[in-house]
Each structure stands twice: as C-alpha cells, then as structure tokens.
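Chemist: using only what follows, build the 3D model:
(chains A and B, ligands or ions: 2)
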Amino acid sequence: MIRIRLERRLERHWWQTVLTPTLSVLAAFAAGAIFLAIKGFDPITVYRELFKASFTSTYGITDSLTIAVPLILTGLAAAVVFRMNLFNIGAEGQLYLGAIFGSWAGLALTDGLPTILGVAVVLIAGAVGGALWAAPAAVFKAYFGTSEIISTLMLTFIALYLMRYLIFGSNSYWRDPESANFPQGKKIPTSARFELFSDTRLHWGLAFAIAIALLIWVLIRFTSLGFDMNVVGSSDSAARYAGIPVRRTVIIALLISGALGGLAGATEVAGRAYALDPNGLELGLGFTGIVVAALARYNPFAIILVATFLGGLRNAGVALQGLPGDRVPVEVSLMLQGAILLFAIGGEIFSHHRLSISRANPAVVT
Amino acid sequence: MSPAVEAGPGASPGQPAAIAAVNVTKRFPGVLATDAVDFCVWPGEVHTILGENGAGKSTLAAMLCGLYRPDEGHIERDGKQVRLRSPRDGLAYGIGMVHQHFRLVDRFTVAENVVLGDPHQARILDRRAIEERVAEIGEQFGLPIDPRAVISQLTVGQRQRVEIVKMLYRGADVLLLDEPTAVLTPPEVEALFTTVHSMTAEGKAIVFISHKLGEVMAVSDRVTVMRAGAVTGEVATADTNQRHLAELMVGHPVEIGTRRGSNIRADVALSATGVTVIDGDQTLVDNIDIEVHRGEIVGIAGVSGNGQRPLARALAGVITPTSGHVTVAGADVTGKGPKAARRAGLSFVPEDRLGTGLVPGLSLTDNMLLTRPRGFIVDRRSARAEIATAIDEYEIKTPGTEVQARNLSGGNSQKVLLARELAGLGDPGGPQAIIVSSPTRGLDIGAAEFVRGLLHDARERGAAVLIISEDLEEVRSLSDRIAVLYRGRIALEGATDELPFESIGLAMAGVAHEEAP
Ligand SMILES: Nc1ncnc2c1ncn2[C@@H]1O[C@H](COP(=O)(O)OP(=O)(O)OP(=O)(O)O)[C@@H](O)[C@H]1O
Ligand SMILES: [Mg+2]
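Modeler: Numbers count the residues shown, from 1 in each chain, chains lettered A, B, ... in the order given. Ligands and ions are numbered 1, 2, ... in the order given. Here you go, the predicted structure:
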C-alpha cells in the first residue's frame, strides 16, 4: 500500500502525462470493439464511421466543437475542485440552474440590448445560478464537513425536476404559452444569442469557453487564490499554520466550480437551444465533464482537446444511426465514454505502480 | 554468496551478516543518493550510519528495508541475496524500519495502526488480543503506550514509540531506526537504548542513524561514515571518540560552544500574559507569562506533551488562547490569526516540518511563498531567487528549486523552513521575534552549528528568540534564560547559567514543581 506513494519521480515526463490517457482511450475502444462484435457489428466499420462522422467533414468537426463548448466548461468545473480533493460531482445540476437563470435573464433583461451585452447578461446570470446551486454544498462542507459528493448529487436531482417542472409542469415564465400540446421554452431574443460561425451550428461560445479555460489556468497557476487552493488541497495543517482561511477557500473553490457549471448551461441557452429546453439539456454534459477533467488530468488546456474528442464521440452516436443495415445503438458512444473513464482511473493507479517498478534492477535471486 | 565484508567484533566466526548491502547504488533525478555502498550489520550488533544531511543515510536504510530498490548492487539477508520489492517483503524477511517522517494514520488508534497493512493479520480483528499484545510488547521493551489512544492525540515522541512497537509486533529481527532520538527527551533516549540493548541481547541487528555523537558513542558497536552518497570510513566505537567522528563526518574539527546574548535590551518584543489554552476539559496551557526581550534567547525546556505545541501555536496565532494576551513588538495579536502575528514581526518554525511548516507536494519555490504576504498575483520570481540564495547559503542539497519539498532529506527540508522563517533578519520589516521548535533537530553537526550561529546572530541583531525544545543541550547551548514547562505550567525559570542541570531535570520530571515553596 505504501509502495504506490513512494519513489515518485521528481517531475512527470510529458510523455507519461500523455501516455496514460491515450492508453485508456485505446483500451476503451478495444473493450467497445468486443461488445460490438458480440452484437454482430464490425467494429472497424463502426469506428471508421464514427470518426468520419465527427472529425472529417466541416459539419462533423463544427458539430463536435459545438458540444465541446459546454464540456469544456463542465470539465473545468470538475478540474478546479477535484485537484483539491473536493469532489463536486453536481455540475449537471449547476448546468441546469445556469440554463434556468440564463434563459430568464435572456427573456427578461436583454430586449433591445446590443448582442455582446445581451449575451453577457445571460452568461453572468448563468454563472450566478450555478454558483448559487453549489453554495449549500459549499457551506455544509466548510462548516460541518458534510460530504460534497452527496450534497452536490442530491442538488442535481432537485435541479433536474425543477427544470422539468418549469417547462412541463407549470405555466411558468419560461414556458412558451403557444406550445400547449408540446410544452417548450420561450425563445430568447436574438440580442441574447451567440452569433454563429457562417452557416454552421458552431457559435462564439467556443471562443468564450477557451477564454475561460485560459482564465482558470491563470487563476490556478498565478493568483494568490489559486495558491491558497493548492495549499488547502494538499495540507490542512499547513494552511492553518500559514493563516490561509481554509473554510473560505473551500467555499470559494466550490462556488467557482458551480459558476463554471452554470456557465455551461448558459452557453447552451445562448448558443444552441435559445430557450430553457429540458430535452436538449439532459445530455449528461455535467457528468461527462468529470470524464473530461480526469482524462485531461485537470489541465485546462488538455480539457479543451479532450472535450472536443468526447464531444465528437457523442456527436457520432447520432450519426451512426444513418449507417445502412442494422442500426448501431446510440448508446455505443455513451458506453465508450464510460469505459474511457474507467480505464482512465485504472490507468492512473497503473501508472503509479509502474513508476515504482520501473526503477527495478534485474537482480536475480540466487 | 557471501557478504563482501569481513566479520566484525560482535560476530561469531563463520556467521553471516544479519543484513548487508553489497555495492548498492541509487540515483534520483539529479542526485547520486548512494554510490556503490557496502554495508553490513551482524546479529546482536548496533551499527550506526553517520553523515551530513543528504549524505544518503535514509536512502541506504530504505533500500535495506525494501522501500527503495537499488539501481545497482543487491541486499543480503543472513548471507543470502534477497529481492525486496516493498517494505512488506522486507518485513517478511524480518526487516523493519522506523522512518524519520512517521507513517501513521492520524485518525486510527495505536492498535489499529500497528496491524494496518499487516498481511499476517486475520481478516477479522480481535481488538482485545491486539491491544493486549501491543501493551505487552510495550512493557517488555520499555515502550509504554496506550493501545487505544488515537494517533492525532499523541506527541511526536509517543508516535515514534508506536512505530517501533509496530515493527516489533510484526516480528522484525533487523530494526532500522532513522534518527529515532531526534524526537526523544533524555530519559526517553535512555529508555530507547535499554530497549535497543535488550533487542541485541536477543540477537537482533540494529541500524541506527543519528547526528548526536554522544548517543552514537553510547549505543553503537560500529560506525559507518557516509559523505555525498559514498562510504568514507568505518570504525569500531571502541577505537574512536566524538571529536574524531566529527572530523570524519565534516572533514574538519567542529567546536560546539555555548553562546549567550551580549546586548539584551530593556524592551520586550514577544510577550505572553496569562495565556491559557483549554481543550474540552483539559487545560493544555495554564496561565503562562513569558517575556522575551530584544537581544535575548529564552528557551522553553520540558518533556514533550507538556503544552509546548499548544503554547507555540497560541503565541503564533494559529489557535486563539482561551484567555490571556500575546503581543509582538508591542502590538496585541491575540486571536488575530497567524497573518497578523507575522505582520507584527513574528516568525514561527513549527514542530512538524513536513506537513505543517512545509507543504510536501509543493515546490521549494512555492514553499517559500507559504508564509509571505502575497498580492493578487503570486510573485514566484522573487521567491525563486530567494530559495536559490538559500540553497547556496544553507548548503541545501537539492537538484533544484522546483523539486517537491517531500523529496528533500530530513535535514535539508528543515533548512528550507529555517531559510524562509529567518529571512530578512535585521531588516526593519524583518522578523522581530522568532519562535522556533527544536531548531537543530535532525541537522548534521555542521548544519546545526550553522543554525545556532544564525539564531545567535538574530539575537545579536536585536531579535527576540524563543526556542522550544525537548533537547536540553540544545536549549542550554543558546538560551540566556530557561523556563521549564510541566503540565502546561512554568515549573522553573531562571538564567541558564544559574540553573543547575539537575534542578532543570527534576523540574522537567515535575518534582520541583510539587515541592516549590
Ligand atoms: N524520493 C526521492 N526523490 C528524489 N530525491 C531524493 C529522494 N529521497 C532522497 N532524495 C535525495 O537523495 C539524497 C540523499 O537523501 P537521504 O534522505 O538519504 O539523506 P540523509 O543522509 O538521510 O539526510 P538527513 O540527515 O538530512 O536525513 C538527497 O540529496 C535527497 O534530496
Ligand atoms: Mg535522513
């Protein structure tokens, strides 16, 4: 048990950082191939189609990037706190709240505003919504030591039903009154929408998400708050000794995480759905963020790449439906994603073990 | 295969070494930690490894117990080559190590820690039996410990006892003790030596690492001296003396003198009045008054667990005293937190270095920043320059400034901490008052002398210094005044040179306190 921790390298070589996630992705695809073969599909064909659908055509690529936008943000939401051993697994719920707040702000406040301001209002409202949704978990964690894993998960369920209620269960402000039979969200004005890139579905939210990734990197690497977060994450006792306010830091970190989840919801509203659209939002984007963060080893820049990759995978699930012959289940892409997470976690442990074994000399027992 | 070394004084003819390292080399990135080292211990022998900080002592011991694997060379047990993949393998061969930094789970009890990870332990724990056995071992070897106590409530000295009991419980016949006495009081050291001798009488082999030459002479049969990863000499204790050992170790004679302040001012830079710390129904610190003048060093002596830790933490603002006041350079900092105390000019070197004073997972650069005021953006450039200077000045052995603190040897991490806390001495904005817990614990004699020089220098430059230590020699060598802490109170106080050694000892044991008029 001790051996995992010891003899760690002074620095991780860059190739090690890349190797584990790559291997876990490959292993996941191998596992997926076995599954596909059992179900009677030719894995090679399926995978080729999958990549063709997501990463070759302009449409495929832009669609993949469109899904990457919220994934970057939920990935960051997870990364910011997971690296401190704080496990906010409720980005999903924070995303819903971000969408609820964002769409309300879009409907109520942005009419007649210039686009840039309108979008900003939606995003800010979304961030506030997500942060508010993380707040109870943050406070309970800081003051009573309540497990944030459980509280954020519970809050996710509440958020889910709240969102459904607003559209399907009531004549709320969010619901389009014209949509009596097929309840839908009211569309936000164009002044609150991200502009699209020419005639694709990709919107400027991508640039925004990348900017936020940059910001989070700066936060963690260069600011005092990021420094405090590092210390609190690694040693409580050192934080107290240095006079770093442990509770406040924990709360702020969880609020930032919540705000990022909320932003993911707001970008979906401003860039894709233009309304509070439960059907379009319940994609598990928040949970996928955890996979993104783990695979990217909590590195903000890697998160952008991984989010694009997983976005493409998701995107392909739908495209596979178009294949001739037996229909490949949409769930293939979800299954691959789950397998990738499992292998990524396994790979992490594996890589530590390897570290300690790799320095062995080939001495033979006489 | 036979060991590469001839039988030593304690060995019977033809008997193989209990444990031997044959030509072992271990490299860490940027460091050659051990360089083709040969080393062996006979059954029934105490063999000391002596050497400067970072010489490779702990690394050698770690290879003997299976924690690290040699890059070259091999380990032999009873004359047979063994391949140890982990400390668990080591234990299976009866080799156990007590580390410089303890490896106990804070929230578990003593008994739980003792059996934790023991492969021979039954799946279902028979608590009572384990506790009885732990108490029994404790009694047998003079290591009294309450098996049900939770580790986090134990003093450093007590934790170490747990580590030793843990190894004995698992049947270790070769025991590696990495600087065990650094955390012990003189009576505890005596007790440990009794333990050690009762073990060697049973034929166990002991590897002992220490920087204290008096102890080395008292307890060991042989001494191996290491320098920069290589063995530079091996002598039988009977054929040497402290002075000679010191020379072997640092290459030149070392004088350990006593020093006193030459210019103690009238004004007080650190004071405690009526400081009391109550935790639950326990009074840990009981109405303590201390005044440390500029240009003065006051030493707090006492057996560990008599309130040193809560007192230091209350003075430094880490905890708020239940009652009483603390002032630093005239400013009342009571209960205002560590940052306020620092702003007023207080530096603090805590007892627990790696984990409290330093963050193990952060780089040396970031550790320099830990107690510095930081703006919105962290200024790593100046911190990097500062640690780089400290590496030269303190002769810190490290491959670089961006190495994690946990990778430094025990003494070198202490130097990093001291470098940070003593920085800016003599500057107007620098430390006015310094609280140091066991300043030279774990430092080699050269480095210890260097630090004593620093503290003396700090005093001469007008700082008020409070040394808290269980090591009476350490306290006496520097302090102008001494206060003895017993059960949270000051049992005896006076000028160092007017307090007889014996009465300090009695006060530490609580005798003087009971009989004081
Ligand atoms: N896990 C590690 N990773 C990298 N370098 C290490 C590691 N452990 C030790 N070192 C380096 O190897 C050298 C020898 O360290 P070691 O801990 O053996 O010294 P030591 O003789 O025990 O010193 P001390 O008296 O200070 O405890 C040091 O330069 C140290 O920085
Ligand atoms: Mg050491």
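
Chemist: isn't residue A:328 up against residue A:335?
Modeler: No: assessed by CB atoms under 8 Å, residue A:328 is found out of contact with residue A:335, at 11.1 Å. No exception for glycine: its C-beta is placed from N, CA and C like everyone else's.

Chemist: more neighbours: which of those two?
Modeler: Shown here are residue A:328 and residue A:335; by other CB atoms under 10 Å in any protein chain shown, residue A:328 has more neighbours (22 against 17).

Chemist: for the more buried one, which non-adjacent residue is closest in space?
Modeler: Spatial nearest neighbour of residue A:328, excluding adjacent residues (CB to CB, 6 or more residues apart in numbering or on different chains): residue A:320 at 4.3 Å.

Chemist: try residue B:338
Modeler: Take residue B:338 and drop its neighbours on the chain: the residue closest to it by CB to CB, 6+ apart is residue A:243, 3.4 Å away.

Chemist: which ones are touching whichever residue of the stretch 151-300 of chain B sits closest to ligand 2?
Modeler: Scanning the stretch 151-300 of chain B for the residue nearest ligand 2 gives residue B:178, at 5.8 Å (criterion: CB to the ion). By CB atoms under 8 Å, 6 or more residues apart in numbering or on different chains, the contact list for residue B:178 reads B:57-58, B:61, B:97-100, B:209, B:410.

Chemist: pairing partners for it in the sheet, please.
Modeler: residue B:209 (DSSP bridges).

Chemist: I'd like the distance between it and ligand 1.
Modeler: Noted for residue B:178: a distance of 7 Å to ligand 1, by CB to the nearest ligand atom, to the nearest Å.

Chemist: same question for residue A:303.
Modeler: With the distance defined as CB to the nearest ligand atom, residue A:303 ends up 29 Å from ligand 1.

Chemist: what is the burial count for residue A:40?
Modeler: With other CB under 10 Å as criterion, residue A:40 counts 8.

Chemist: can you check the one 3 residues further on too?
Modeler: Burial of residue A:43 is recorded as 16 neighbouring residues (other CB under 10 Å).

Chemist: now do residue A:143
Modeler: Residue A:143: 11 surrounding residues under other CB under 10 Å.

Chemist: which residues does it contact?
Modeler: Residue A:143 sits next to residue A:247 when contact means CB under 8 Å, 6+ apart.

Chemist: same deal with the one 10 residues further on?
Modeler: Contact criterion CB under 8 Å, 6+ apart gives A:89-90 as the residues in contact with residue A:153.

Chemist: and the nearest residue to residue B:79 once chain neighbours are set aside, what helix or strand is that in?
Modeler: Spatial nearest neighbour of residue B:79, chain neighbours left out: residue B:16 (2.9 Å); criterion: CB to CB, 6+ apart. Using DSSP states H and E, residue B:16 falls within no helix or strand.

Chemist: from memory residue A:333 sits against residue A:47, does it?
Modeler: No: using CB under 8 Å as the test, residue A:333 is too far from residue A:47 to be in contact (11.0 Å).

Chemist: now do the SS call for the closest residue to chain B within chain A.
Modeler: Relative to chain B, the nearest point of chain A is residue A:243 (3.4 Å; CB to the nearest CB). Here residue A:243 takes the coil state, with states given by DSSP: H, G, I helix; E, B strand; the rest coil.

Chemist: ok, it - contacts?
Modeler: Taking CB under 8 Å, 6+ apart as the test, what residue A:243 contacts is B:317-318, B:337-340, B:342, B:371.

Chemist: got these as JSON lines, with secondary structure and neighbour count columns?
Modeler: Output for the contacts of residue A:243, formatted as JSON lines (DSSP: H, G, I helix; E, B strand; the rest coil; neighbours: other CB atoms under 10 Å in any protein chain shown):
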{"residue": "B:317", "secondary structure": "coil", "neighbour count": "25"}
{"residue": "B:318", "secondary structure": "coil", "neighbour count": "21"}
{"residue": "B:337", "secondary structure": "coil", "neighbour count": "18"}
{"residue": "B:338", "secondary structure": "helix", "neighbour count": "21"}
{"residue": "B:339", "secondary structure": "helix", "neighbour count": "16"}
{"residue": "B:340", "secondary structure": "helix", "neighbour count": "17"}
{"residue": "B:342", "secondary structure": "helix", "neighbour count": "22"}
{"residue": "B:371", "secondary structure": "coil", "neighbour count": "22"}
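
Chemist: low-scoring stretches of chain A, by residue?
Modeler: For chain A, the stretches flagged by pLDDT under 70 are A:1-14, A:16, A:318-319, A:321-327, A:348-366.

Chemist: helices along that one, start to end?
Modeler: Secondary structure of chain A (DSSP state H): helices at A:14-38, A:43-55, A:58-82, A:91-109, A:115-144, A:148-164, A:205-222, A:224-234, A:236-241, A:246-268, A:278-281, A:285-295, A:300-319, A:331-358.

Chemist: out of those, nearest to residue B:167?
Modeler: For residue B:167, the closest of these is helix A:331-358, at 21.5 Å, according to CB to CB.

Chemist: name the nearest residue to residue B:125, sequence neighbours excluded.
Modeler: Of all residues not flanking residue B:125 in the chain, residue B:115 sits nearest, at 6.6 Å (CB to CB, 6+ apart).

Chemist: check residue A:69 too.
Modeler: Spatial nearest neighbour of residue A:69, chain neighbours left out: residue A:205 (4.5 Å); criterion: CB to CB, 6+ apart.

Chemist: against ligand 2, how distant is the nearest residue to residue B:152 once chain neighbours are set aside?
Modeler: Excluding its sequence neighbours, the residue lying closest to residue B:152 (CB to CB, 6+ apart) is residue B:106, at 4.3 Å. Per CB to the ion, to the nearest Å, residue B:106 is found 22 Å from ligand 2.
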